[in-house]
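**Q** with the sequence up front, the predicted model follows.
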Amino acid sequence: MFLKMLLTALFFFNLNTASKLPHPSTLSPLPSAAGLQPSTVGHAAAQNSIQVALLLDTSNSMDGLIDQAKAQLWKMVNRLADAQRQNQNATLEIALYEYGNDGLDARTGFIRQVQPMSTDLDGLSEKLFQLRTNGGNEYCGHVIKTSLDSLKWTNGADQLRIIVIAGNEPFTQGEIDYRTSCQQAAERGIIINTIHCGDYETGVNTKWQDGATIGKGKYLIIDTGKKVVHISTPYDSKVGELNERLNKTYIGYGSSGMDKKERQVAQDKNAALYSAGNATQRAVAKSKSTYRNEDWDMVDAAKADEKFVDKIKEEELPQELKGKSKTEIQAEIDRLSKERTAIRKELADLDKEIARYIAAESAKNATSTETLDNVLINAVVEQAQTKGFVFPN
């Protein structure tokens, strides 16, 4: 259950007025930048792949679940970003579905793919903050089958592939039998972790536990009424300064480069609306190898494709690089890359101090562990370890 697994419209839009707002299913997708695309650069053959599909119930009673997902996305991402196997960092891809929302198409089982399997963590955060709850017919078997059929899952028994489904209505609802869907996942080596938003016995009686058992995963419960506690640290201010410097090393290209650079800053603000501690977790996540933006950032694109500078067209360049020679463009990319590496190292060093501080403060103040980040991280880390992943941090 990973995801801080895999990322603030809640603060700009009141959930109680959702009927006055356009549902995300009616929104146009962001334009793709010219050139490289997220999840398509060297991922098909990735040897250390972690894929997670989040299936979130967005019916009326699930405001608390969605709020926890927004608040804890970066903590979950940070933990998974530490995964290594044979001294190689893992590639982390996250997909997102919503289900059980009356604003969705009944012909598809009230299910919507919000984001395909992707390394685009800013996009995931943005889309999480656009989710709004409404109505609900929750068909667990249907949404599991949809995710199995529609997503680009990797192959190989050594890859970690996980479905995380969270909701509160009986797991048995809908025309597609959950047992069939969960068995199909198990046969493909895709683990199903179920999160019942309620008490343990009710989840057992309504077959949430059975779904996890068939899917070779874990049955978990969370308290959606529990407010997430963010622990501020003495390092938050310094991390904020480093994050601002880090953002300046990103240089957008193509038709959507500027928009996605602005989106990066917007997701910083979304995280900060929860607390300084949450903003720190996002900044730390941006310092890790799992945070990659080759589809719009020239530094990441050049790292992914050594011939990127030769291939990019004049009209795809940002204004400040137009008219520059290929040599000058490469020199600027090299400069920004060197600076980014130095900032990321500072953030990595601070991350260790932050982790120690939070661990000590958490030990002093015992609180409920039944929040999305805690149950998800613990389960997924354990499942990753069975695939040979280690978490040195």
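**A** Yep, that arrived.

**Q** from now on I want contacts and neighbour counts done on CA atoms only, so please keep to that.
**A** Will do.

**Q** how is the protein divided into domains?
**A** Listed by automatic domain parsing, the domain ranges of the chain are 9-229+368-386, 236-364.

**Q** ends of the last one, what's the gap?
**A** Its first and final residues considered, domain 236-364 spans 20 Å by C-alpha to C-alpha, to the nearest Å.

**Q** kindly report the same for stretch 242-252.
**A** 19 Å.

**Q** repeat for stretch 302-319
**A** Across its full length, stretch 302-319 reaches 18 Å between end residues, using C-alpha to C-alpha.

**Q** pull out the buried positions in it.
**A** Applying a neighbour-count criterion of 16 or more other C-alpha atoms under 10 Å, one finds 302, 304, 308-309, 312, 316-318 buried in stretch 302-319.

**Q** show me what it is in contact with.
**A** If you take C-alpha atoms under 8 Å, 6 or more residues apart in numbering as the criterion, stretch 302-319 is touched by 34-35, 41, 251-255, 294, 301, 322-323, 326, 329-330, 333.

**Q** farthest-separated two in these?
**A** The largest separation in the contacts of stretch 302-319, counting by C-alpha to C-alpha, is between 41 and 323 at 28.0 Å.

**Q** more neighbours: these two, which one.
**A** Relative neighbour count places residue 41 above the other of residue 41 and residue 323, with 15 against 11, counting by other C-alpha atoms under 10 Å.

**Q** can you show me the helices along the stretch 201-350 of the chain?
**A** Along the stretch 201-350 of the chain, the stretches classed as helices by DSSP state H, counting those that start in this stretch are 208-214, 236-247, 257-274, 276-286, 298-304, 308-311, 326-364.

**Q** what's the answer for the stretch 1-150 of the chain, then?
**A** Remark: helices assigned in the stretch 1-150 of the chain by DSSP H, counting those that start in this stretch are 9-12, 63-81, 121-130, 140-150.

**Q** would you mind finding the most buried of those?
**A** Taking mean count of other C-alpha atoms under 10 Å as the contact definition, the stretch among the helices of the stretch 1-150 of the chain with the greatest mean neighbour count is helix 63-81, which reaches a mean of 25.

**Q** low-confidence stretches in the stretch 151-300 of the chain?
**A** Screening the stretch 151-300 of the chain residue by residue with the criterion pLDDT under 70, one finds the ranges 226-229.

**Q** okay if I get the helices of the stretch 201-350 of the chain as CSV plus distance to residue 56?
**A** Converted to CSV, the helices of the stretch 201-350 of the chain look like this (distance: least, C-alpha to C-alpha, whole Å):
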stretch, distance to residue 56
helix 208-214, 14
helix 236-247, 30
helix 257-274, 20
helix 276-286, 21
helix 298-304, 31
helix 308-311, 37
helix 326-364, 28
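
**Q** which of these sits closest to residue 183?
**A** Each of the helices of the stretch 201-350 of the chain was scored for nearness to residue 183 using C-alpha to C-alpha, and the closest is helix 208-214 (6.0 Å).

**Q** and residue 57, what pLDDT?
**A** According to the model's per-residue confidence, residue 57 sits at a pLDDT of 94.

**Q** is it true that it touches residue 100?
**A** Yes. Using C-alpha atoms under 8 Å as the test, residue 57 is close enough to residue 100 to be in contact (5.6 Å).

**Q** find residues that contact each of the two.
**A** residue 138.

**Q** neighbour count for these two, which is higher?
**A** A count of neighbours by other C-alpha under 10 Å puts residue 57 above the other of residue 57 and residue 100, at 31 against 28.

**Q** distance of that one from residue 139?
**A** Using C-alpha to C-alpha, we find residue 57 at a distance of 9 Å from residue 139.

**Q** need the residues touching each of these two.
**A** Taking C-alpha under 8 Å, 6+ apart as the contact rule, residue 57 and residue 139 both touch 99-100.

**Q** and the contacts of stretch 353-360?
**A** Here stretch 353-360 has contacts from 231, 233, 235, using C-alpha under 8 Å, 6+ apart.

**Q** closest one of those to residue 384?
**A** Checking the contacts of stretch 353-360 against residue 384 by C-alpha to C-alpha gives residue 231 as the nearest, at 26.5 Å.

**Q** neighbours around that closest one, how many?
**A** By the other C-alpha under 10 Å criterion, the neighbourhood of residue 231 contains 15 residues.

**Q** try residue 187
**A** Residue 187 has 11 nearby residues by other C-alpha under 10 Å.

**Q** kindly report the same for residue 161.
**A** Burial of residue 161, expressed as a neighbour count using other C-alpha under 10 Å, amounts to 24.

**Q** so it: helix, strand or coil?
**A** For residue 161, the reduced secondary structure class is strand; criterion used: DSSP: H, G, I helix; E, B strand; the rest coil.

**Q** so what's it up against?
**A** For residue 161, the contact set (C-alpha under 8 Å, 6+ apart) comprises 50-52, 153-154, 189-191.

**Q** restricted to strands, list these.
**A** 50-52, 191 (DSSP state E).

**Q** which one (most neighbours) among those residues?
**A** If you count neighbours using other C-alpha under 10 Å, the busiest of the ones in strands among the contacts of residue 161 is residue 52, which has 28 neighbours.

**Q** was I right about that residue contacting residue 93?
**A** Yes. Using C-alpha under 8 Å, residue 52 is in contact with residue 93, at 6.4 Å.
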